[in-house]
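>>> Quick one: sequence and predicted model below, then my questions.
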Amino acid sequence: MKIVVDWDRCEANGVCMNVAPEAFNLDDKDTLHVLTENVTPELRAKVEKAVRDCPRQALSLSND
């Protein structure tokens, strides 16, 4: 399972980082960085919550 970001929608507001800091980070220029492309079983619940909570619906998960 991979994290997919729609960069046209992402506003880097940090909701995902607050929910799953192991998978997302914002730098000092408010640029979002995905720290792990492949979601481990241990992170799955947090990443799924980050996807659901994204206010711009910029995140999704892919089975590719």
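Cool, got the structure.

>>> buried stuff in stretch 38-54?
Buried residues in stretch 38-54, defined by neighbour count with 16 or more other C-beta atoms under 10 Å: 39, 43, 46, 47, 48, 50, 51, 54. Where you see a C-beta, it was placed from the backbone N, CA and C, and this is true even at glycine.

>>> To clarify, my last question referred to stretch 53-64.
Residues 54, 58, 59 are the ones in stretch 53-64 that count as buried (16+ other C-beta under 10 Å).

>>> which of the buried residues of stretch 38-54 lies closest to residue 4?
Of all those, residue 51 has the smallest distance to residue 4: 9.2 Å, by C-beta to C-beta.

>>> Can you tell me how far that closest one is from residue 20?
Distance, residue 51 to residue 20, by C-beta to C-beta, to the nearest Å: 9 Å.

>>> which stretches of this structure form strands?
Ranges of strands within the chain are 2-5, 24-26, 32-34, 59-62, based on DSSP state E.

>>> Tabulate these (a markdown table), appending mean pLDDT and distance to residue 16.
Output for those, formatted as a markdown table (pLDDT from 0 to 100; distance: least, C-beta to C-beta, whole Å):
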| stretch | mean pLDDT | distance to residue 16 |
| --- | --- | --- |
| strand 2-5 | 97 | 9 |
| strand 24-26 | 97 | 4 |
| strand 32-34 | 97 | 7 |
| strand 59-62 | 97 | 6 |
